[in-house]
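Visitor: got a predicted structure plus its sequence, pasted below:
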Amino acid sequence: MTSLRKNIAEMTAYVPGYQPEEPESWIKLNTNENPYPPSPAVVEAIREEIGRSGDSLRKYPDSASRSAREEAGLLYGFDPQWIIMANGSDEVLNNLIRAFAAEGEEIAYVHPSYSYYRTLAEIQGARVRTFGLTDKHELKDFPERYEGKLFFLTNPNAPLGFVFSQAVVEGLAERVQGMLVVDEAYVDFADEHSLELVRRHDNVVVTRTLSKSYSLAGMRLGLAIAHPGVIVALDKIRDHYNLDRLAQAAATAALGDQEYFRECVRKIRKTREWFSLELQFLGWEVIPSQGNYVFAVPPGGKAEWIYEFLYERKILVRYFSDPVLAHGLRITIGTMEEMEKTIAALKAVR
Ligand SMILES: Cc1ncc(COP(=O)(O)O)c(C=O)c1O
């Protein structure tokens, strides 16, 4: 393999959250999946797309994912030429790096946030810089003019759950000379979003996913909203059939059933507030969260031990060995029943 690119040989692969073999036997709170099934309209649309004989699967899908883009456009108030659909938002994050950062050029992101940006940059051979956070969750040492090609801002922050205000995000749009990518994977659980900034700043891209708030992690569906010039560039790079027929049908149906979506989000937000309070009663320090998870610090500094304790009771949460996160656990918000069981288990911790 002497011809393997040096950066690929040297990089370490991204390790996604653990997916146990029999997920039904766990309370699975480790990868921010939605505990509720997708809208019945999604299941119906997939069935209809397959048809009785499966004949439609013989043919390639619409390479422009038009129906899904039109539905997203109606929902978010943008013309479809401002929207690109993706095979999971990971795909469009990857293509943003390929479009904007050549080998040796710099991209940056906030640490802690979504470390997959680093993996994608390493594949491309781009350089990576990170900006840390103060105790008040402000960016540390961010320059007046950031000259790198891309700056990824996960908002709400994952795994911590706090949000940067829209005033801060807009300030960053002005300071970033390249592209500001606002990764809004969790924004449907939050109070504010940055879509208006996309209209005002041609260097702002907002990415969204249907994995969390629409319960479709298994379908791999995401999208980006940006000025049409950016979308044209991203369109050149993506696989021309990046969304299969079933994914397109699912996306259109999911985005079209806002009543179901709103009810799921309402339940998760309510459970999040309940769970956060219960943890506080048990002496945990909880960062107020705008996502479908909370980052919380147990009393007595034994996060890893509690991870193991819950694991033994078939409750799976996320522990990060990264020194800036190792004092806490990230716990996805499941159903009320799952969270009650989790609290009951935590009450038994001595
Ligand atoms: C911050 C953030 N961005 C993007 C993604 C990727 O989402 P998708 O499933 O759409 O690829 C995730 C998934 O966990 C995430 O946490």
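Guide: Sure thing, it's come through.
Visitor: ok, residue 331 - contacts?
Guide: Shown in contact with residue 331 (CB atoms under 8 Å, 6 or more residues apart in numbering): 29, 275, 293, 294, 295, 296, 317, 318, 342. Yep, even glycine has a C-beta here, placed from its N, CA and C like the rest.
Visitor: so what does the third one look like in phi/psi?
Guide: Dihedral angles of residue 293 (phi, psi; degrees, to the nearest 10) stand at phi -160, psi 160.
Visitor: and for the fourth one?
Guide: With angles defined as degrees, to the nearest 10, residue 294 sits at phi -130, psi 150.
Visitor: what number of residues lie near it?
Guide: Applying other CB atoms under 10 Å, we find 25 residues neighbouring residue 294.
Visitor: do you know how far it is from the ligand?
Guide: 14 Å (CB to the nearest ligand atom, to the nearest Å).
Visitor: looks to me like residue 128 is in a helix.
Guide: No - counting by DSSP: H, G, I helix; E, B strand; the rest coil, one finds residue 128 to be strand, located in no helix.
Visitor: what about the helices in the stretch 251-350 of the chain?
Guide: 258-281, 303-312, 336-347 (DSSP state H, counting those that start in this stretch).
Visitor: cool, the stretch 101-250 of the chain as well?
Guide: With DSSP H, counting those that start in this stretch as the criterion, the stretch 101-250 of the chain has helices at 116-124, 166-175, 195-200, 228-237, 245-256.
Visitor: and the third one, what does it pack against?
Guide: Counting contacts by 3 or more CB pairs under 8 Å, 6 or more residues apart in numbering; DSSP states H and E, helix 195-200 packs against helix 166-175, strand 204-209.
Visitor: of all those, which one comes closest to residue 69?
Guide: Distance to residue 69, taken as CB to CB, is lowest for strand 204-209 among the helices and strands packed on helix 195-200, at 12.5 Å.
Visitor: most packed of the helices of the stretch 101-250 of the chain?
Guide: Highest mean neighbour count among the helices of the stretch 101-250 of the chain (mean count of other CB atoms under 10 Å): helix 245-256, with a mean of 23.
Visitor: not counting its own residues, what contacts it?
Guide: 38-39, 41-42, 44-46, 48-50, 56-57, 59, 61-62, 65, 67-68, 71-72, 75, 85, 87, 210, 214, 216, 219-221, 243, 261.
Visitor: buried ones among these?
Guide: 38-39, 41-42, 45-46, 49, 61, 65, 67-68, 71-72, 85, 87, 210, 214, 216, 219-221, 243, 261 (16 or more other CB atoms under 10 Å).
Visitor: touching the ligand at all, stretch 146-156?
Guide: Yes - Stretch 146-156 is in contact with the ligand by CB under 6 Å from any ligand atom, via residue 154.
Visitor: show me how far that stretch is from its chain's centre.
Guide: Computed by CA atoms, centre = their mean, to the nearest Å, the chain-centroid distance of stretch 146-156 equals 15 Å.
Visitor: so which bits of it are buried?
Guide: 146, 148, 149, 150, 151, 152, 153, 154, 155, 156.
Visitor: in these, find the pair that's most separated.
Guide: Across those (CB to CB), the longest gap, 24.1 Å, separates 149 and 156.
Visitor: now tabulate the helices and strands packed on helix 195-200 in JSON lines and tack on mean pLDDT.
Guide: Below are the helices and strands packed on helix 195-200 laid out as JSON lines (pLDDT from 0 to 100):
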{"stretch": "helix 166-175", "mean pLDDT": "98"}
{"stretch": "strand 204-209", "mean pLDDT": "98"}
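Visitor: that older thread, looking at the helices of the stretch 251-350 of the chain, which is closest to residue 225?
Guide: helix 258-281 (17.2 Å).
Visitor: buried sites along that closest one?
Guide: 260-261, 264-265, 267-269, 271-272, 275-276, 278-279.
Visitor: residues in contact with the residue in the stretch 251-350 of the chain positioned nearest to the ligand?
Guide: Nearest residue of the stretch 251-350 of the chain to the ligand (CB to the nearest ligand atom) works out as residue 291 at 8.6 Å. Going by CB under 8 Å, 6+ apart, residue 291 touches 32, 156, 158, 161, 186, 189, 190.
Visitor: run the last query once more with 10 Å
Guide: By CB atoms under 10 Å, 6 or more residues apart in numbering, the contact set of residue 291 is 32, 154-163, 185-190, 212-213, 268-269, 272, 330, 332-333.
Visitor: strands - which of those residues land there?
Guide: Mapping these onto strands (DSSP state E) picks out 154, 330, 332.
Visitor: with distance to residue 229 and pLDDT added, can I get these in TSV?
Guide: Compiled in TSV, the ones in strands among the contacts of residue 291 are given as follows (distance: CB to CB, whole Å; pLDDT from 0 to 100):
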residue	distance to residue 229	pLDDT
154	24	98
330	37	98
332	37	98
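Visitor: could you export these as CSV, including distance to residue 322?
Guide: Formatted as CSV, the ones in strands among the contacts of residue 291 follow (distance: CB to CB, whole Å):
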residue, distance to residue 322
154, 15
330, 11
332, 18
